[in-house]
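> coords please:
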Amino acid sequence: MERNPADLLQVHLVSSGILRCFTAVARLTFTSCTIPLGVTDLTNTLKALVVPRLEVIQFVTGIEAHDSQVESVLGVMEGWQELDEILAGPAFPLLRLIEFEVNICLPAYPNWDTVRSVIRHNLPKTVKKGLLTLKVTHVIY
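Next up is the predicted model:
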């Protein structure tokens, strides 16, 4: 899977350690091309941050799969458990909202409830804390 320039910049910011300088950030918007890379990159970014004032995380990503594959693509991805631990853990004491937006790139309309269900299932601690909001949209191509 090929990374876009924004993904590459994100990887550089994490690996360089420069993100540790942004301690006053209250809102983080993270955009990634596709979910598998996005979950891993978001997890790595959040691990690299020291932002005690972080209140809102917005994560915008996409998924490209046929409707019958959406559940299997989302469900087996690595990184969900670690992401859930970070989001629901003590690293961000003021965190009150995680806006998770998934743009599904399919020629036909997907089952949005399946997408929401799989994401909630993979982030149980985050859901339990009441932090997660989900927006699923269909991108026609």
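
> in this structure, which spans are strands?
27-31, 56-63, 97-105, 132-139 (DSSP state E).

> average pLDDT for the second one?
What that stands for is strand 56-63. Averaged across strand 56-63, pLDDT comes to 87.

> output the contacting helices and strands for it.
Judged by 3 or more CB pairs under 8 Å, 6 or more residues apart in numbering; DSSP states H and E, the packing partners of strand 56-63 are strand 27-31, helix 35-48, helix 70-75, strand 97-105. All C-beta spots, glycine's among them, are computed from the backbone N, C-alpha and C.

> let me have those in JSON lines, extended by mean pLDDT and mean neighbour count.
As requested, the helices and strands packed on strand 56-63 are exported to JSON lines (pLDDT from 0 to 100; neighbours: other CB atoms under 10 Å):
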{"stretch": "strand 27-31", "mean pLDDT": "84", "mean neighbour count": "15"}
{"stretch": "helix 35-48", "mean pLDDT": "75", "mean neighbour count": "20"}
{"stretch": "helix 70-75", "mean pLDDT": "66", "mean neighbour count": "17"}
{"stretch": "strand 97-105", "mean pLDDT": "87", "mean neighbour count": "18"}
